[in-house]
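Enquirer: Below is the structure, and that's it, no one-letter string:
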């Protein structure tokens, strides 16, 4: 029984890590896409494209329709991860750098854990919160020292704050719902539930600013549609459901460092050697959150 639980936790962490890897390129890809396409089209057009993939998946898998209560909760998921985070990051990154946007990712684990307490009734131990806080401080310190965070609070920072709050809510709610529907079906149904909003806005944005982009711009938009808005959530929500939302959510502490690395490779932004030290500190904090959580809370039931 213990071996089975250990395997479940290991599998959940692996799924969560795959989700983080997929999401780590979202901010740089958004930064590239909004340089070529209207930010409203980028935010909602990718959701419409992902919804087409979701409809095909649900039809092929013969998924049953969600209940009325599940639809209500799917609307919360859609508000957070289908509409809220994509829109506000797209608006912010029209003028802000990808590296600055990494601040959003640094705040996500703490907010995801907070919403896990509110929405999922999880109660992480004190050591978990200490390790999580240390990881957050390590990431923010790295961003400040490396010069990626500077200046006073601007409208773009308000957008980024709104994005991270809504995303944390969407992660927590989706993680809870995935225990009933499964990770893949949760994001698929959330994408379909959002269609009455995403389709009209996409059409209006396309008419107002007809989409024209280079191959690079469309490649970035394609990544956001297929990976960030669709496939990444298959692994992410399954990991949250199986391993616990607060616990697996802390893997996101690695994401800002990965985002900065992608920013350097894709956008030519400079990343210093301090990133190595930050990565080591963050990984240590992630490991501590996993150990503290595992000692006090039974792993969640696995989902299909």
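Expert: Okay, I see it. Worth saying up front: this structure is predicted, and the values here are computed from it rather than measured. Residues are numbered from 1 along each chain as shown.
Enquirer: now stretch 256-271, how far from the chain's geometric center?
Expert: 17 Å (C-alpha atoms, centre = their mean, to the nearest Å).
Enquirer: wait, stretch 156-163
Expert: Chain-centre distance of stretch 156-163: 15 Å, with C-alpha atoms, centre = their mean.
Enquirer: mean confidence for it?
Expert: In this model, stretch 156-163 has an average pLDDT of 84.
Enquirer: Residues contacting it, please?
Expert: 84-85, 87-89, 91-92, 95-96, 100-101, 103-104, 107 (C-beta atoms under 8 Å, 6 or more residues apart in numbering). Every C-beta, even on glycine, is put in place using the N, C-alpha and C of the backbone.
Enquirer: Any figure for the gap between residue 189 and residue 250?
Expert: Applying C-beta to C-beta, to the nearest Å, the value for residue 189 to residue 250 is 26 Å.
Enquirer: Which one of these two is surrounded by more residues?
Expert: The residue with more neighbours, out of residue 189 and residue 250, is residue 250; 32 against 23, by other C-beta atoms under 10 Å.
Enquirer: need the contact list for the residue nearest to residue 194 when sequence neighbours are not counted.
Expert: Residue nearest to residue 194 in three dimensions, not counting chain neighbours: residue 78, with 3.9 Å by C-beta to C-beta, 6 or more residues apart in numbering. Residue 78 makes contact with 170, 190, 191, 193, 194, 197, according to C-beta under 8 Å, 6+ apart.
Enquirer: Could you rerun that using 7 Å?
Expert: 190, 193, 194 (C-beta atoms under 7 Å, 6 or more residues apart in numbering).
Enquirer: State the distance from the closest residue in space to the second one that isn't next to it in sequence to residue 185.
Expert: If I follow you right, that is residue 193. When the adjacent residues along the chain are set aside, residue 193 lies closest to residue 74, with 4.7 Å between them (C-beta to C-beta, 6+ apart). Distance of residue 74 to residue 185, given as C-beta to C-beta: 10 Å.
Enquirer: same check, this time on residue 46
Expert: With C-beta to C-beta as the criterion, residue 46 and residue 185 are 20 Å apart.
Enquirer: likewise residue 64?
Expert: For residue 64, the distance to residue 185 - C-beta to C-beta - is 9 Å.
Enquirer: Looking at those two, which has the bigger crowd around it?
Expert: Neighbours of residue 64 and residue 185, each counted by other C-beta under 10 Å, are more numerous for residue 185; the result is 25 against 9.
Enquirer: Check that one and give its pLDDT.
Expert: Note on residue 185: pLDDT of 95.
Enquirer: What of residue 238?
Expert: 90.
Enquirer: I figured residue 167 was touching residue 108, is that so?
Expert: Yes. Taking C-beta atoms under 7 Å as the contact criterion, residue 167 and residue 108 are neighbours in contact, 6.1 Å apart.
Enquirer: For the stretch 51-200 of the chain, give me the ranges with low pLDDT.
Expert: 103-104, 118-120, 122, 139, 142-154 (pLDDT under 70).
Enquirer: where do the helices sit along the stretch 1-150 of the chain?
Expert: Taking DSSP state H, counting those that start in this stretch as the criterion, the stretch 1-150 of the chain carries its helices at 2-23, 26-34, 39-61, 68-77, 85-92, 98-120, 126-145.
Enquirer: Any chance of CSV for those, columns distance to residue 225 and mean neighbour count?
Expert: CSV is the format used below for the helices of the stretch 1-150 of the chain (distance: least, C-beta to C-beta, whole Å; neighbours: other C-beta atoms under 10 Å):
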stretch, distance to residue 225, mean neighbour count
helix 2-23, 12, 17
helix 26-34, 10, 27
helix 39-61, 4, 20
helix 68-77, 18, 17
helix 85-92, 10, 26
helix 98-120, 18, 23
helix 126-145, 28, 18
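Enquirer: and those helices as CSV, adding distance to residue 217?
Expert: Formatted as CSV, the helices of the stretch 1-150 of the chain follow (distance: least, C-beta to C-beta, whole Å):
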stretch, distance to residue 217
helix 2-23, 20
helix 26-34, 6
helix 39-61, 9
helix 68-77, 28
helix 85-92, 13
helix 98-120, 15
helix 126-145, 27
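Enquirer: Cheers, nothing more for now.
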